[in-house]
Structures are given as structure tokens and as C-alpha cells.
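Student: Turn this into a model:
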Amino acid sequence: MTTHTEAEIASQPSCWRRAVANVPADALPRRGERVAVVGCGTSWFIAMAYAVLRERAGHGETDAFAASEFPQGRRYDRVLALTRSGTTTEVLDLLARTTDKSVAITADPTTPIMSAADEVVVLDYADEQSVVQTRFATTQLAMLRASLGEDLTQAIADAEEAVAAPLPDPLVSAEQFSFLGTGWSVGLAQEAALKMREASRSWTEAYPAMEYRHGPISIAAPGRVTWMLGTAPEGLRAQVEETGGTFFETSLDPMAELIRAQRVAVARAFAQGLNPDEPMHLTRSVILSS
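Tutor: Below is the predicted model of the structure:
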């Protein structure tokens, strides 16, 4: 029987198509605005990716924060809050105390986020039953990328390939993973590592690619994988392979490569007798008692 997580991972190409065809331009950050993007867990990592992409596209200064670490007293033209559940305590607390204009992206239109933010974008078609967040995260990033003027035609084709391609055995059986990224894919590397931890309790780490040689490469070894999302810096593959470790890199869009990491996480969960829909010690939303 297919788990919710598997079905949600497989649906991502169709979700991305819908997202890029329905970009709510009036609600999202405008060109030239100074923007803070906030979230928790997966949403924070997606915020990191979008912040880099927005600045790179010349749309304006953009900072990303874990909602709990938003700097007190710093002003922005707009705060963009990412929250699948619409109930995350730290996000709601931040929106309650900020006087900046706010917009939220959520999956559930029946939650407190609807009144906490000035404007709300609802991607209910990308909502998930699994605790482990997959398609909502990438669908909101697809929409945000499209809002910056990106053409995601190739990214969607890459996503279809990532959904269908056989998984290399060294990835399913590896002892340890180090996910790497550059620029906007640093956030995606963090998210890939989180998915592997959540779904399969795997030993994972994540770094900017150029930082990997400043210490973390010391754990590279046979049976361990260094997984690049995007294009690796020159010479890095050779350095990892000299240790006996596996270096994995493809030409897929980093967001599509994240899909492959999600699938590996599920495969590793099954190999250990774990249910990827119900990761240990986790709930769909973190709601803190007052």
C-alpha cells in the first residue's frame, strides 16, 4: 500500500504546474520592497532559498529567519510568513507583535493564520496528510520562483524525472549523508538533510559546498555520501572520492533533486521498518503551551 508520503512526493510535478499558473502577484512581495521571510523547520529552509533567489533576481533586500529568531525592532516593508499548518506558535506570535505589513502562505484556510496576517495565500491543493512535509514546501517555492519571473518548465520536467527514476542503491544503503548547496540551494540542502532525519532517522548533515572542505569533509569515508544539490565547486568531487566516499551530483534543478532525496528518505524508512507518515517524536504542527 502506498503511504501518504509516497503519494505526496509523486504529486509534486502537477502541484508545481498549478502553482506557476496561478501566482497571486498582488499578495506577494513587490519589487523594491525590503522583505523578511520567516518560518519554522522546513518553512525556514524554504525561506532561505527564496531570500537568495529574490535578491539575485534584483527584487530587493531579503532576509530569512527562523520565526523565533526574528530581530526585535528591525523594520521591513513586508514580512512573508511560511506555515503549512497555519498554527505554528512562533509564526503566530511574530505576526501578533509586528507592525510591518504581513502576508502568509499556508495550506489550511481554517486556521488562525487567516486572521493573523494582513493577506494570506492558500495552497490547499498542496496540503498533506503526512507529518513529513514534502509537496507543500516545494509547491510554495515553485510559486515564489515564478513570481520572480523564472520559467520553471525545465524544473518541472526534472521533477518528473526525479519522481520516476530508479534510486541508486548506494543512496539507500549509505551510512551517512552530507548534503551540500550553493546560493539558494543551501536552504534545499538543509531541507534534504531534515527529510532524511525525519523519515528514516538517518545521520545527515548539510553545509554550503565551499564550507564542506573546512572540516566536515573529515567524516567522508567508504559507505558515506556527499550529495550535491546544484553544481559542485571545481575539484570537490575528486577530494571526496579520494576519501573513498561517494560523491553524488546530477544536472537536475536543485528543487527536483530534493524530490530524489525525499524518495531516498522514504526508501530508507521502509528498509528499517519505519512508517514515513508517522516519524518518531514529531507532529504535523508545533504548538507550544503558553
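Student: what's the residue of the chain most remote from its centre sitting at in phi/psi?
Tutor: Most distant from the centre of the chain: Glu242, at 30.4 Å, with distances by Cα atoms, centre = their mean. Backbone torsions for Glu242, taken as degrees, to the nearest 10, come to phi -60, psi -30.
Student: ok, the closest residue to Asn22 other than its chain neighbours - contacts?
Tutor: Nearest non-adjacent residue to Asn22, counting by Cβ to Cβ, 6 or more residues apart in numbering: Met143, 7.7 Å away. Every C-beta, even on glycine, is put in place using the N, C-alpha and C of the backbone. Met143 is in contact with 19-20, 22-23, 105, 121, 123, counting by Cβ atoms under 8 Å, 6 or more residues apart in numbering.
Student: Output these as JSON lines; include the columns pLDDT.
Tutor: Output for the contacts of Met143, formatted as JSON lines (pLDDT from 0 to 100):
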{"residue": "Ala19", "pLDDT": "98"}
{"residue": "Val20", "pLDDT": "98"}
{"residue": "Asn22", "pLDDT": "95"}
{"residue": "Val23", "pLDDT": "97"}
{"residue": "Ile105", "pLDDT": "98"}
{"residue": "Val121", "pLDDT": "98"}
{"residue": "Leu123", "pLDDT": "98"}
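Student: For the chain, which segments are assigned as helices?
Tutor: With helices called from DSSP state H, the chain shows them at 4-10, 12-21, 42-56, 89-97, 113-116, 135-147, 153-164, 169-173, 185-200, 236-242, 254-271.
Student: Looking at the ones you listed, which is nearest to Arg30?
Tutor: When those are compared by Cβ to Cβ, helix 135-147 sits nearest Arg30, at 10.0 Å.
Student: what's the spacing between the closest one and its chain's center?
Tutor: Relative to its parent chain, helix 135-147 has a centroid offset of 10 Å by Cα atoms, centre = their mean, to the nearest Å.
Student: Same check on stretch 8-25?
Tutor: Relative to its chain's centre, stretch 8-25 lies at 15 Å (Cα atoms, centre = their mean).
Student: what's the span of that stretch from first residue to last?
Tutor: 26 Å (Cα to Cα, to the nearest Å).
Student: How about stretch 66-79?
Tutor: First-to-last residue span, stretch 66-79, Cα to Cα: 12 Å.
Student: any idea of the mean pLDDT in that stretch?
Tutor: Across stretch 66-79, the average pLDDT comes to 95.
Student: how about it: buried residues?
Tutor: 66-67, 70, 76, 78-79 (16 or more other Cβ atoms under 10 Å).
Student: Including distance to Glu6, could those go into JSON lines?
Tutor: What follows is those, written out as JSON lines (distance: Cβ to Cβ, whole Å):
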{"residue": "Ala66", "distance to Glu6": "29"}
{"residue": "Ala67", "distance to Glu6": "30"}
{"residue": "Phe70", "distance to Glu6": "35"}
{"residue": "Tyr76", "distance to Glu6": "39"}
{"residue": "Arg78", "distance to Glu6": "36"}
{"residue": "Val79", "distance to Glu6": "34"}
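Student: out of those, what pair is the most spread apart?
Tutor: Ala66 and Arg78 (18.1 Å).
Student: quick one: Ala137 and Glu55, what's the gap?
Tutor: Per Cβ to Cβ, to the nearest Å, Ala137 is found 20 Å from Glu55.
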